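1. no letters, just coordinates:
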């Protein structure tokens, strides 16, 4: 809910362009995960982050714990990048994960 | 606002016993409920999807005999892990869907961490 605010809720991208998704956290967060829901419904893990930045192909993600946010950058968007992206924050082991509400990304030719 | 309460947050069971986890949707009607298990690669694999007025659909490698699910109304669902063994350890997650098709929004619980002794 309000503990993890994900934006935008929807994003339309032209193929080849770049964009960014963001999650803001209202409580102290220890780790962040980003997922992409695949057509079968599973949540494919894209990144598992402690504070810092990771890159994988055309995707790059940063977790800034001091300013309580995480971003997911998509570079050179492709049609197969379409789908719903979720961020999830771990606050401490006992509390499990708190998910954002997702960003529905549509990439068009 | 819409919330999903998943409980217990953590549980330990003896090998060969069963444990049940529950999800409660608050502030919306859960027309669908999905149950997931997190893999070692941290992907949440879909176990099954329950949609109102449809049979519960299990994904490959998951069966009703092992993971029976109940979705009796639009606010509640439960899943049991029967005869749990070491390979069943992990984080289980429920996601409740409001709406349908392109208008569907998914709300997730916090997960249930299962340890097996």
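-> Here it is on my side, so go on. All values derive from a computational prediction rather than experimental measurement. Residues are numbered from 1 along each chain as shown, chains lettered A, B, ... in the order given.

2. all strands for chain A, in order.
-> Assigned by DSSP state E, the strands in chain A fall at A:4-7, A:10-14, A:19-25, A:31-37, A:43-49, A:52-56, A:59-64, A:69-74, A:83-90, A:97-99, A:103-108.

3. just send those strands back as TSV, with mean neighbour count and distance to chain B too.
-> C-beta: built from backbone N, CA, C; applies to glycine. What follows is the strands of chain A, written out as TSV (neighbours: other CB atoms under 10 Å in any protein chain shown; distance: least, CB to the nearest CB, whole Å):
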stretch	mean neighbour count	distance to chain B
strand A:4-7	18	10
strand A:10-14	14	10
strand A:19-25	20	13
strand A:31-37	22	6
strand A:43-49	20	4
strand A:52-56	12	13
strand A:59-64	20	13
strand A:69-74	21	15
strand A:83-90	23	7
strand A:97-99	25	4
strand A:103-108	17	8
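
4. the ones you listed into CSV, with extra columns for mean pLDDT?
-> Conversion of those to CSV gives the following (pLDDT from 0 to 100):
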stretch, mean pLDDT
strand A:4-7, 96
strand A:10-14, 96
strand A:19-25, 97
strand A:31-37, 96
strand A:43-49, 96
strand A:52-56, 97
strand A:59-64, 98
strand A:69-74, 98
strand A:83-90, 96
strand A:97-99, 92
strand A:103-108, 96
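
5. in a markdown table: those strands, plus distance to residue B:82.
-> Conversion of the strands of chain A to a markdown table gives the following (distance: least, CB to CB, whole Å):
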| stretch | distance to residue B:82 |
| --- | --- |
| strand A:4-7 | 33 |
| strand A:10-14 | 40 |
| strand A:19-25 | 36 |
| strand A:31-37 | 27 |
| strand A:43-49 | 24 |
| strand A:52-56 | 37 |
| strand A:59-64 | 37 |
| strand A:69-74 | 37 |
| strand A:83-90 | 27 |
| strand A:97-99 | 25 |
| strand A:103-108 | 36 |
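
6. can you pull the contacts of residue B:33?
-> B:23, B:25, B:49, B:50, B:69, B:71, B:77, B:94, B:95, B:96, B:97 (CB atoms under 8 Å, 6 or more residues apart in numbering or on different chains).
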